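Visitor: The following comprises the amino acid sequence and a computationally predicted model.
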Amino acid sequence: MQFNLQGYTVEQRTKANIDLRSYLKKTALKLPYAEIPCDSVRAAEVNRVCEEFYAVFGQFPDSTNLYYLSNYVLLLDIRSTNKWKSRNKYAFLSPRQWRYRYSKEFPAETKVVCKYRTSQMHNMARAKRRYNYE
């Protein structure tokens with residue numbers, strides 16, 4: 001990430017935020033999957049940009065830019081096409097992947113369950129009829 005804040009003054013914080021946002025959206029988040037740097041390099045680049053922004057303006061970037069910077073740190077996970085990544089307990093799923101996952105899975109509360117039949121099937125204390133007497 002090659003964004004440079006040296007040409008800005010303290011009064012141009014809004015313009016710097018807008019320029020950083022456009023840079024992140026157009027270049028950093030559009031990198032091809034093969035050209036994405038490793039995790040430690042991306043984290044160091046984001047740290048450098050945040051510290052440089054704070055040194056120039058006395059504040060960190062706005063919340064939108066912090067969101068884009070966090071997406072840049074998680075770029076490999078977001079772009080991953082591995083269909084089994086959701087099996088990992090601590091997997092990161094993008095908002096689209098969460099929507100897709102929850103559109104296919106139904107929580108137990110939404111299913112209508114017959115209370116009488118369920119209590120007969122799953123109640124261990126209740127005697128079960130083993131034979132069908134006719």
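Guide: Cool, the structure landed.
Visitor: give the contact list for L31.
Guide: L31 sits next to L75 when contact means Cβ atoms under 8 Å, 6 or more residues apart in numbering. Yep, even glycine has a C-beta here, placed from its N, CA and C like the rest.
Visitor: Any figure for the gap between the residue at minimal distance from the centre of the chain and D39?
Guide: Residue closest to the average C-alpha location in the chain (Cα atoms, centre = their mean): S94, at 4.4 Å. According to Cβ to Cβ, to the nearest Å, S94 stands 17 Å off from D39.
Visitor: Roughly how far does Q12 sit from K30?
Guide: According to Cβ to Cβ, Q12 stands 25 Å off from K30.
Visitor: same thing with N4?
Guide: 19 Å.
Visitor: swap in P37?
Guide: For P37 relative to K30 (Cβ to Cβ), the value is 14 Å.
Visitor: quick one: which of these two has more around it?
Guide: Each of P37 and K30 has its neighbours counted (other Cβ atoms under 10 Å); P37 has more, 15 against 8.
Visitor: State the three-state secondary structure for Y8.
Guide: coil (DSSP: H, G, I helix; E, B strand; the rest coil).
Visitor: Test my guess that it contacts E52.
Guide: No. With contact defined as Cβ atoms under 8 Å, Y8 does not count as touching E52 (10.3 Å).
Visitor: Of those two, give the one with the bigger neighbour count.
Guide: Shown here are Y8 and E52; by other Cβ under 10 Å, Y8 has more neighbours (17 against 14).
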